[in-house]
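[1] show me the folded form of this:
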Amino acid sequence: MLNDALTVFRQVLELFLMASAGYLAGKKGLFSETGVKDITTILFYIVTPALIVASMQDNIGKVTMGNFAEAGLLSAVGMAVSILLSGCFFRKEEPGRRRVLQFACAYSNCGFVGLPLAQAVLGSEGVMYASVFISVYNLAVWTHGLSLMRGQKRPEWKCAVLSPGVIGLAAGFPLFAASLRLPELVLVPLRGFSDLNTPLAMIVIGYYVSRVRLRSLFRSRELYALAAVRLLAIPAVCLAALLPFHADRAVTASVLILAAAPSGANTTLFTAQFGGDVELSSGAVTLTTMFSLVTLPLFTGLAGLLL
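    Numbering: from 1, shown residues only. Predicted structure coming up:
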């Protein structure tokens with residue numbers, strides 16, 4: 001359990017180091033606002049689909065359809081808990097701020113933090129099940145999440161179906177289900193684009209943090225409330241909801257680890273893409289990531305006890 005906690009601590013520190021590059025670049029004026037928005041566009045429309053397809057390819061022959069279905073069910077339960085709980089909070093906030101806070105509550109940093117942690121704690125099996133969770137997450141974020149950030153009461157299914165995340169799923173899953181491997185000539189570039197995901201996203205976050213007044217960050221009651229919901233309430237309710245299924249312990253542990261991660265980097269990416277309060281979203285990601293140094297080892301330890 002101690003080793004798991006140290007692994008978590010190290011992983012979060014690595015993310016901070018990557019984000020610090022963007023922070024310093026922002027402070028030194030090395031990036032323009034337009035340049036950073038161009039990077040977010042690359043992340044959305046090139047890196048995201050490549051990441052999903054490459055992940056599906058890497059799991060061919062490692063996850064049976066039965067295990068895949070079980071992981072998918074528990075992942076759907078975990079995402080439903082996150083979305084439903086997030087909708088119960090911040091209702092009195094101004095609409096623009098409410099959307100950012102609810103998005104930051106609902107969507108964890110499952111790709112940048114959760115996936116590496118699942119790999120460190122559970123090994124290759126954890127990576128398989130985490131990839132299933134991320135697939136469910138992508139479907140949710142490009143439907144519910146997209147409509148939330150746009151201020152729409154109902155998802156625009158046409159827009160969601162044509163979104164980068166869902167296109168990646170549509171391209172990757174049939175190949176996975178049929179056990180069809182792409183040639184290395186195609187797969188190597190896809191993996192190369194995938195490798196850009198974490199560093200580019202953290203640089204973008206670091207840039208926007210450089211525009212945040214850090215004193216105001218630690219004086220924001222709403223961000224403290226967000227951290228409590230995202231890092232404590234949602235993982236606790238997820239654990240309570242998952243245990244009655246008596247599913248494979250590695251599946252349950254993987255879903256719990258990803259559900260307990262801090263607010264997703266895509267909170268800032270979506271906010272920047274759709275013209276929202278970037279300072280608030282950057283503060284949400286920053287504060288929850290800092291506090292996750294304490295909460296993630298706690299829930300990772302609980303996940304370890306399930307094995």
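
[2] use CA for all of it now, contacts and neighbours both
    OK.

[3] and the strands in the stretch 151-300 of the chain, which stretches?
    Applying DSSP state E, counting those that start in this stretch to the stretch 151-300 of the chain gives no strands.

[4] and the helices in it, which stretches?
    Taking DSSP state H, counting those that start in this stretch as the test, the helices found in the stretch 151-300 of the chain are 157-161, 164-177, 184-195, 197-209, 214-217, 221-228, 234-242, 249-259, 266-273, 278-305.

[5] residue ranges in the stretch 201-307 of the chain under the pLDDT threshold?
    303-304, 306-307 (pLDDT under 70).

[6] what's the local residue count around Ile203?
    Residues within reach of Ile203, counting by other C-alpha atoms under 10 Å, total 25.

[7] ok so, going back, which among the helices of the stretch 151-300 of the chain is found nearest to Lys62?
    Lys62 lies closest to helix 164-177 among those, at 10.4 Å (C-alpha to C-alpha).

[8] in the host helix or strand of Val77, what counts as buried?
    In the assignment (DSSP states H and E), Val77 maps to helix 65-86. Neighbour-count burial for helix 65-86, with 16 or more other C-alpha atoms under 10 Å as criterion, is recorded at 67-68, 70-83, 85-86.

[9] sorry, back to before: dump the helices of the stretch 151-300 of the chain to TSV, plus distance to Pro116.
    Formatted as TSV, these follow (distance: least, C-alpha to C-alpha, whole Å):
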stretch	distance to Pro116
helix 157-161	27
helix 164-177	20
helix 184-195	13
helix 197-209	11
helix 214-217	27
helix 221-228	21
helix 234-242	18
helix 249-259	10
helix 266-273	17
helix 278-305	12
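
[10] what is the mean pLDDT for stretch 60-77?
    Stretch 60-77 carries an average pLDDT of 85.

[11] measure the residue nearest to Val212 when sequence neighbours are not counted to Arg150 for me?
    Nearest-residue entry for Val212: Glu279, 5.5 Å, with adjacent residues in sequence omitted and distances by C-alpha to C-alpha, 6 or more residues apart in numbering. Distance, Glu279 to Arg150, using C-alpha to C-alpha, to the nearest Å: 17 Å.

[12] next: Gly123.
    38 Å.

[13] those two - which one has more neighbours?
    Arg150 (18 against 13).

[14] isn't that one up against Gly275?
    No. Contact between Arg150 and Gly275 fails when scored by C-alpha atoms under 8 Å: they sit 9.3 Å apart.

[15] can I get the helix holding Val77 in PDB, CA atoms only?
    C-alpha atoms of helix 65-86 as PDB (Å, rounded to 0.1, in the frame of the first residue of the first chain):
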ATOM      1  CA  MET A  65     -15.300  -9.600 -24.800                       C
ATOM      2  CA  GLY A  66     -16.700 -10.900 -21.500                       C
ATOM      3  CA  ASN A  67     -14.200  -8.900 -19.500                       C
ATOM      4  CA  PHE A  68     -14.700  -6.000 -21.800                       C
ATOM      5  CA  ALA A  69     -18.400  -6.000 -21.200                       C
ATOM      6  CA  GLU A  70     -18.000  -6.200 -17.400                       C
ATOM      7  CA  ALA A  71     -15.500  -3.400 -17.400                       C
ATOM      8  CA  GLY A  72     -17.800  -1.400 -19.700                       C
ATOM      9  CA  LEU A  73     -20.800  -1.900 -17.300                       C
ATOM     10  CA  LEU A  74     -18.800  -0.800 -14.200                       C
ATOM     11  CA  SER A  75     -17.300   2.100 -16.100                       C
ATOM     12  CA  ALA A  76     -20.800   3.200 -17.100                       C
ATOM     13  CA  VAL A  77     -21.900   3.000 -13.500                       C
ATOM     14  CA  GLY A  78     -18.900   5.100 -12.400                       C
ATOM     15  CA  MET A  79     -19.500   7.700 -15.100                       C
ATOM     16  CA  ALA A  80     -23.200   7.900 -14.200                       C
ATOM     17  CA  VAL A  81     -22.400   8.500 -10.500                       C
ATOM     18  CA  SER A  82     -20.000  11.300 -11.500                       C
ATOM     19  CA  ILE A  83     -22.400  13.000 -13.800                       C
ATOM     20  CA  LEU A  84     -25.400  12.700 -11.500                       C
ATOM     21  CA  LEU A  85     -23.500  13.900  -8.400                       C
ATOM     22  CA  SER A  86     -22.000  16.800 -10.300                       C
END
